[in-house]
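S.K.: build me a model:
(one chain, ligands or ions: 1)
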Amino acid sequence: MTQPIVIAHRGASGYLPEHTLEAKALAYAMGADYLEQDCVLSKDDVPVVLHDVQIDTVTDVAKVFGDRARDDGRYYAIDFTVDELKSLRVTERVDHKSGKPVFPGRFPAGKSRFEVPTLAEEIEMIQGLNRSTGKNIGIYPEIKAPAWHLEQGKDLSRILLGVLSENGYRTKDDACFVQCFDVKETRRLREELGCQLQLVQLIGDKKWSRDGADFDPDFINREMKKIAEYADGIGPALPHVISGADASGNPVVTPIITAAHEHGLVVHPYTLRADGMPDWTNDFEALLRMCYVDAKVDGLFTDFPDRAVQVRNQVA
Ligand code: CA
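M.R.: Presented below is the predicted three-dimensional model:
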C-alpha cells in the first residue's frame, strides 16, 4: 500500500499568500508530495498561476491599472500581459465586496512583496528543488474555467498541455495530475487533445449536496463508471466523502470512495483547512485522521500541508 499523498492546496496557503513561489517553497519544505497550480491565461497566452480569472482579490491591480476594469468592475488576468501581471503585488486573499481578508488569522494582507508566477517559472523552481533535494515532488495543475477561456478566444487546455510537455510531463509515470471541474473538458483532454497524464475529475461542492444518508449508491456508481472512461481519479468536496459525524462522534463516510475505488479511481478530496472546518467538528488533526483511516482517501488537498503530513505519517 502506498501512503496517501498530501497535496499543498495553492501551496502552504495557510501560512503565506496563495500561489506565490514562497508558498510553494514552504509547502515543499513541509513535505507535501504534490504542489497545486491553478492556471489561467494572460493576454499573451501564457499560463499563470492564479485561482480566479479575476485578479482583484489577490493583487493591487486596481491601484496600478485603475482604468482597466471590465464593465462588471472586475479586473481579469486575460486583459493583462505577463509583464503587466508581474508588475503587480500579490497579497493575501481579500473578499471582493468587503475588501477584508478571507482568512483573518493568516498572513497579513498587503504585507511583504510577492508576485504572480507563470506556470513555467513555478515548474522550474519545483524541478530545481527536486534536483537539490533528490526528491521527486509532483505538480498538480488545474485548468480553470476552460469554457470561459474559449469564449475569450483562447484554448487554455491546449496551451497548458504544451507547457507541461515541454517540461517533461507527458505520461502517467510523470509526477503530475491534471485536474478540472468541467466534465466535458476533462474528457476532451483525454479523447481529443491526447493527454496521457493522470487526470482528476473535480466535482463541485454543490453536487450530491443531500445528506450522507441520501447518497444513492446506484447513482454514484453510474457517475463513477462514466468518469473512469477518461479519468484516473476524482476530486470531490470533503462533505462528499465524510458528510458529518454520528451521535458517538464517528465519521459518516459516504459510498463515493468505495464506488470510486471499484472503478479504479483514486480519491483526493478538497479542502482541509484548520481555519475553515466543517460545522460538526473543530479538531483538525482528528478530521485528518478520519480522512486517512475511516474514509481511506488516496490523498487530500490542504492549506496546511505540515499538519497533514504529520498525521499521515502517524496513521499510514
Ligand atoms: Ca484548485
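
S.K.: only C-alpha atoms for contact and neighbour calcs from this point on.
M.R.: Will do.

S.K.: so what pLDDT did residue 215 get?
M.R.: With respect to pLDDT, residue 215 scores 75.

S.K.: quick check: the gap between it and residue 207.
M.R.: 11 Å (Cα to Cα, to the nearest Å).

S.K.: just checking: what are the partner strands of the longest strand along the chain?
M.R.: Looking across the chain with DSSP state E, the single longest strand is strand 34-41. With DSSP bridges as the test, strand 34-41 is paired with strand 5-8 (parallel), strand 47-49 (antiparallel), strand 138-143 (parallel).

S.K.: turn these into a markdown table, columns for mean pLDDT.
M.R.: Shown next, in a markdown table, are the strands paired with strand 34-41 (pLDDT from 0 to 100):
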| stretch | mean pLDDT |
| --- | --- |
| strand 5-8 | 98 |
| strand 47-49 | 98 |
| strand 138-143 | 98 |
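
S.K.: could I get the ones you listed as CSV with mean neighbour count and distance to residue 311?
M.R.: Shown next, in CSV, are these (neighbours: other Cα atoms under 10 Å; distance: least, Cα to Cα, whole Å):
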stretch, mean neighbour count, distance to residue 311
strand 5-8, 27, 10
strand 47-49, 26, 28
strand 138-143, 23, 20
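
S.K.: with residue 316 as the reference, name the closest of the ones you listed.
M.R.: Residue 316 lies closest to strand 5-8 among these, at 10.5 Å (Cα to Cα).

S.K.: re earlier: adding distance to residue 100, write the strands paired with strand 34-41 out as a markdown table.
M.R.: Formatted as a markdown table, the strands paired with strand 34-41 follow (distance: least, Cα to Cα, whole Å):
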| stretch | distance to residue 100 |
| --- | --- |
| strand 5-8 | 24 |
| strand 47-49 | 22 |
| strand 138-143 | 26 |
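
S.K.: out of these, which comes closest to residue 173?
M.R.: So among the strands paired with strand 34-41, strand 138-143 is nearest, using Cα to Cα, at 10.9 Å.

S.K.: state the next helix or strand along the chain beyond the closest one.
M.R.: helix 146-151 (DSSP states H and E).

S.K.: noted, bye for now.
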